[in-house]
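**Q** missing the sequence, but the structure's below:
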């Protein structure tokens, strides 16, 4: 350990100064500390994330050494750590007039302005700090990027980080930070470029592989995402986030059989994850293993009785197996827990309809469409009920009113086209069918049953033929 000319190491000096300060506080006395001692004490508490003691030390230091710029600068940093940006700015303005060439003052001012939401003012201070004569440009840039990162100003961080990468190419961590910044602003193309550059140098970074997996997943590049997660898991088998995300991808691309062992492995590490238990149950449900699906839905409910999804899952199983009364119990419970989920309202409506409760079904469908006007399956089922019951003409005024509220939604246009056709208004039917087909012709098959072909005009037939729908 390196020692100074008096035979003391720096660590010993820090320990001695802090112990002296702690003794003073304990005895409720007032000792004198020189500037260097106070700098040491304040820095120690800042690095220890002890803002209250750092502030106490900085306040006393300011009283004993009111003309020390280094002490006042530290006090401003402590004020910033405590979120007192306005006070820090007042102090920094005084320091600026004393030492106008001190870049640390402008970095601190930039930090304060950034905390107050004035990012342009902050950048002005940061840019000015870089114009001052200094042999420490890399550290100034690092300080600026650290501030912007802590304040979540990722878009503004990137230009400074690019300069830092150029100046310090040997520090590979800069590539990671740059990739992460691009990820946060959703510039995924550049984020991938810099993550891959970082991984060329640090191939055993499981966090970089994991982040890369997240990006590929967002881009729907599922094979690449799973490959990235597999690398992350090979490096760190305890990276349960990668395991969970891999299971979710397999489930989302309908590879339920492959997803099941991944969720089981995740649950071995995180046995109290009711979300993973629910997703596992859903996978069993999708492959027809109803007994296993019920088992894990019920276990998820035991862990989190206020989580709507497993109640919903049990409702789906009950509805699909013809147990309508049970499905109503489960769906009602689910909708009480999550009344902003249109899919729950929709299936609750289907359960009511299966039970012969048309009014209750229509009310549920209406709730679902309030939450998601583009829920095409609801429009299709709603249309089938109305046409089947011969209520198309009566429903038209209500549907026209809904159309004024929702605008050109594909589902409502298909229904209006059908109802006008059934009511003998072929021109209006053609107009709404044209709108519907232009908006989304792929869902025409969902509504085909409510269009009597015997009523098709030549114009309607031509429209459907031109769009390969006949």
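**A** Arrived safely, thanks for sending. Here the structure is a predicted model, which is why all the values come from computation and not from measurement.

**Q** Quick check: residue 255 vs residue 232, distance?
**A** Residue 255 sits at a distance of 19 Å from residue 232 (criterion: C-beta to C-beta, to the nearest Å). No exception for glycine: its C-beta is placed from N, CA and C like everyone else's.

**Q** These two - which one has more neighbours?
**A** Taking neighbours as other C-beta atoms under 10 Å, residue 255 and residue 232 compare with residue 232 leading, 25 against 16.

**Q** Identify the residues contacting stretch 378-396?
**A** Taking contacts as C-beta atoms under 8 Å, 6 or more residues apart in numbering, the residues outside stretch 378-396 that touch it are 342, 346, 349-350, 353, 358, 361-362, 365, 368-369, 372, 409-412, 414-416, 418-420, 422-423, 443, 446-447, 449-450.

**Q** residues of stretch 26-34 that come out buried?
**A** residue 33 (16 or more other C-beta atoms under 10 Å).

**Q** which outside residues touch that stretch?
**A** Residues contacting stretch 26-34 (C-beta under 8 Å, 6+ apart): 17, 20, 21, 23, 24, 41, 60, 61, 64.

**Q** Rounded mean pLDDT for stretch 230-240, please.
**A** Average pLDDT, stretch 230-240: 94.

**Q** Name the surrounding residues that touch it.
**A** 204-207, 209-210, 213, 242-243, 246, 266, 269-270.

**Q** Among the residues you listed, name the buried ones.
**A** When the contacts of stretch 230-240 are checked for burial by 16+ other C-beta under 10 Å, the buried set is 205, 206, 207, 209, 210, 213, 242, 243, 246, 266.

**Q** Out of these, the closest to residue 89 would be?
**A** Nearest to residue 89 among those is residue 207, at 35.9 Å by C-beta to C-beta.

**Q** Roughly how far does residue 137 sit from residue 188?
**A** Distance, residue 137 to residue 188, using C-beta to C-beta: 30 Å.

**Q** returning to that earlier point: would you turn the contacts of stretch 26-34 into a markdown table with secondary structure, distance to residue 238 and pLDDT?
**A** Listed next are the contacts of stretch 26-34 as a markdown table, based on DSSP: H, G, I helix; E, B strand; the rest coil; distance: C-beta to C-beta, whole Å; pLDDT from 0 to 100:
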| residue | secondary structure | distance to residue 238 | pLDDT |
| --- | --- | --- | --- |
| 17 | helix | 40 | 80 |
| 20 | helix | 43 | 82 |
| 21 | helix | 40 | 81 |
| 23 | helix | 43 | 83 |
| 24 | helix | 45 | 83 |
| 41 | helix | 39 | 86 |
| 60 | helix | 45 | 84 |
| 61 | helix | 44 | 85 |
| 64 | helix | 50 | 82 |
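
**Q** For ChimeraX, what selects the buried ones among those residues?
**A** Filtering those down to the buried ones (16+ other C-beta under 10 Å) takes a single ChimeraX command:
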select :17,21,41,60,61
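
**Q** tell me which of the contacts of stretch 26-34 is nearest to residue 74?
**A** residue 61 (7.4 Å).

**Q** Show which residues not belonging to the helix or strand where residue 208 lies make contact with it.
**A** Assigned by DSSP states H and E, residue 208 belongs to helix 206-218. Helix 206-218 has contacts (C-beta under 8 Å, 6+ apart) with 176, 179-180, 183, 188, 191-192, 195-196, 198-199, 202, 222, 224-226, 228-229, 231-233, 235-236, 239, 241-242, 245-246, 249.

**Q** for stretch 182-201, same thing?
**A** The contact list for stretch 182-201, computed with C-beta under 8 Å, 6+ apart, reads 152, 154-155, 158, 172, 175-176, 178-180, 205, 208-209, 211-212, 214-216, 218-219.

**Q** Equivalent analysis for stretch 170-180, please.
**A** For stretch 170-180, using C-beta under 8 Å, 6+ apart, the contacting residues are 145, 149, 154, 158, 161-162, 164-165, 168, 190-195, 197-198, 201-202, 205, 208, 211.

**Q** show me where the stretch 1-150 of the chain has helices.
**A** Using DSSP state H, counting those that start in this stretch, the helices of the stretch 1-150 of the chain run over 10-26, 35-47, 51-64, 69-81, 85-98, 103-115, 119-131, 137-150.

**Q** Quickly, which of the ones you listed bottoms out on average pLDDT?
**A** Mean pLDDT is lowest for helix 10-26 out of the helices of the stretch 1-150 of the chain, coming in at a mean of 79.

**Q** from the contacts of stretch 170-180, which ones fall inside helices?
**A** If you go by DSSP state H, the contacts of stretch 170-180 have 145, 149, 154, 158, 161-162, 164-165, 190-195, 197-198, 201, 208, 211 in helices.

**Q** Now the spatially most central residue of the chain. Its backbone dihedrals?
**A** A centroid search over the chain (C-alpha atoms, centre = their mean) returns residue 184, at 9.8 Å, as the residue closest to the centre. Torsion angles at residue 184 (phi, psi; degrees, to the nearest 10) stand at phi -70, psi -30.
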